[in-house]
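Participant: Sequence and predicted model, in that order:
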Protein chains: 2
Amino acid sequence: MATSTRSNAGTKGVARAVREQQIVDAACRAFGESGFAATSVADIAEAAGISKPLIYNYFGSKEGLYAVCLHHAAGTLTAEIERTAASGTVGLARAIVTLDGMFRALEPQPWIWRLVNDSTAAREGAIDAELAEYERRIFTFGHDGVAELMQLAGNDDARDLSAMHAVWEHTFRALVTWWLDHPGETPEQMTQRCIRLFSTVFGEIDISALTAP
Amino acid sequence: MATSTRSNAGTKGVARAVREQQIVDAACRAFGESGFAATSVADIAEAAGISKPLIYNYFGSKEGLYAVCLHHAAGTLTAEIERTAASGTVGLARAIVTLDGMFRALEPQPWIWRLVNDSTAAREGAIDAELAEYERRIFTFGHDGVAELMQLAGNDDARDLSAMHAVWEHTFRALVTWWLDHPGETPEQMTQRCIRLFSTVFGEIDISALTAP
DNA sequence: CTGATATGACTCATGAGTAAGTTACCACAG
DNA sequence: CTGTGGTAACTTACTCATGAGTCATATCAG
């Protein structure tokens, strides 16, 4: 039988960049599914098929690894929101388009949603910086849409706007979370559901912007 | 100088029931402000002015103590919701009345809100039982109101109802959380704000039910 | 032989939970 | 009114598990 005690220590193995990506993939999934606090570095190492010290070699600390995951996850989601925003849709149709884009972006890797919304992560240092940047980029879009709605209604109170914005963000979160909690529903179906729900509250919506690509 | 090493071990001290209440008060605050995971039993003991083993003596475990806190907090909030529900208001006015009641109930002990909505607590055993019971009691009220709205709009899809209910619960949470994040606003002011926001979305609301006691 | 990839086997801090003992009050016998 | 034992209230000083982070070492490509 093999006398080597250290299974494959020294195997030159895969290139650092590739290995880092594998680790980040495994970590995103683990962090997203169990939360930062409940996920141990050993768990991630096992899931990635490597050993713990390699993670510290490449990422420095658990926080460091989490910050990279956050960068990936938040970057993906923010890019998607900026993409739909650039399409030029306005009003409620824009809300629908944004939700639709989010469902599609999350379909292949649904766990990154919880990663970004994880409250068990300590907000400090690199993690805080990542999240702050993410929130900064996201803020404008929701805020502008809500401001438009408020202005139409003739309400220009700044705190009312702030509160309404909070409501919109939570509504967005509610719909995405509901979708994640009810698997087996395609993004298309969920978008149609959102259109029905919005119509219930706001009356008929002009969906002309949604049928065209 | 005093030779006694054990400061006040043996002081007969206060009656168990009273001490338990003191501990629960301190624990509710600590758990609510820092979250279950980030709060250590030693922290609570210090805040309550007693030592750790006394907590284990009275509550068995950290989970046991948390379950009692949850019972207190969830009980307070649920009772408030059931109280406003019993007032017989319907439609959007009922939503406003419920929010108003919640603001008033939370004013003296705002931390219990985060306690009930804490995701860092392990949902198992007694804790899970408490939360499940709380959710069961809460569920009906929001659900009925949303069902009423959906029926009025002619939508009887069960999953649409489920999703809309999720949106309502998150909206409720958004408003309460926003209020807690913006101290210095009285329940009255916040309720007025909610009325304005609801009007923006739904048009004028019949607030006749709100002016009467 | 140097440097990159990789690991087994540690250290160390933290925080839950426990063992064993200390003191004050109370009921009751003398 | 004075001992004396029972018990409730309370503490110090531990144990023990877990999980973050480190060290010394191994293998192989160029």
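Facilitator: All right, it came through fine.

Participant: Now do the SS call for the residue of chain A found nearest DNA strand C.
Facilitator: Taking C-beta to the nearest atom of the strand as the measure, chain A has A:G13 as its residue closest to DNA strand C, at 1.9 Å. The C-beta positions use only the backbone N, C-alpha and C, and glycine is treated the same way. Put simply, A:G13 is coil when judged by DSSP: H, G, I helix; E, B strand; the rest coil.

Participant: count of neighbours near it?
Facilitator: Using other C-beta atoms under 10 Å in any protein chain shown, the number of residues around A:G13 comes to 12.

Participant: Chain B contacts on chain A?
Facilitator: When proximity is defined as C-beta under 8 Å from any C-beta of the partner chain, chain A approaches chain B at A:35, A:37, A:119-120, A:149-150, A:153, A:155, A:157, A:159-160, A:162-164, A:166-167, A:169-171, A:173-175, A:177-178, A:182, A:193, A:196-197, A:199-202.

Participant: Return the residues in contact with A:H165.
Facilitator: A:142-143, A:146 (C-beta atoms under 8 Å, 6 or more residues apart in numbering or on different chains).

Participant: Any stretches of chain A with poor pLDDT?
Facilitator: A:1-12, A:206-213 (pLDDT under 70).

Participant: For it, just list every one of the helices.
Facilitator: A:16-34, A:41-48, A:52-59, A:62-86, A:91-106, A:111-116, A:125-152, A:158-181, A:187-202, A:208-211 (DSSP state H).

Participant: mind checking which of these is nearest B:R104?
Facilitator: With distances scored as C-beta to C-beta, the stretch of these nearest to B:R104 is helix A:158-181 (17.9 Å).

Participant: then the closest one to CSV, C-alphas only?
Facilitator: Written as CSV, here are the backbone C-alpha positions of helix A:158-181 (Å, rounded to 0.1, in the frame of the first residue of the first chain):
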residue,chain,number,x,y,z
ALA,A,158,-37.9,63.9,1.5
ARG,A,159,-38.6,61.5,4.4
ASP,A,160,-41.7,60.2,2.7
LEU,A,161,-39.5,59.4,-0.3
SER,A,162,-37.0,57.7,1.9
ALA,A,163,-39.6,55.5,3.5
MET,A,164,-41.3,54.7,0.2
HIS,A,165,-38.0,53.7,-1.2
ALA,A,166,-37.5,51.3,1.7
VAL,A,167,-40.9,49.9,0.9
TRP,A,168,-40.0,49.4,-2.7
GLU,A,169,-36.7,47.6,-1.9
HIS,A,170,-38.5,45.3,0.5
THR,A,171,-41.1,44.6,-2.1
PHE,A,172,-38.4,43.7,-4.6
ARG,A,173,-36.8,41.5,-2.0
ALA,A,174,-40.1,39.9,-1.1
LEU,A,175,-40.8,38.9,-4.7
VAL,A,176,-37.3,37.5,-5.3
THR,A,177,-37.3,35.6,-2.1
TRP,A,178,-40.8,34.2,-2.7
TRP,A,179,-39.6,33.0,-6.1
LEU,A,180,-36.5,31.4,-4.6
ASP,A,181,-38.7,29.7,-2.0
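
Participant: Mind listing what's buried along that helix?
Facilitator: If you call a residue buried by 16 or more other C-beta atoms under 10 Å in any protein chain shown, then helix A:158-181 has these buried ones: A:160-161, A:163-180.

Participant: same deal with stretch A:20-29?
Facilitator: So stretch A:20-29, judged by 16+ other C-beta under 10 Å, has buried residues A:20, A:23-24, A:26-29.

Participant: got those as CSV, with distance to DNA strand D columns?
Facilitator: Compiled in CSV, those are given as follows (distance: C-beta to the nearest atom of the strand, whole Å):
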residue, distance to DNA strand D
A:E20, 16
A:I23, 14
A:V24, 16
A:A26, 14
A:A27, 11
A:C28, 16
A:R29, 16
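
Participant: nearest to A:A95, of those residues?
Facilitator: Of all the buried residues of stretch A:20-29, the one with the least separation from A:A95 (C-beta to C-beta) is A:C28, at 27.1 Å.

Participant: Many thanks, have a good one.
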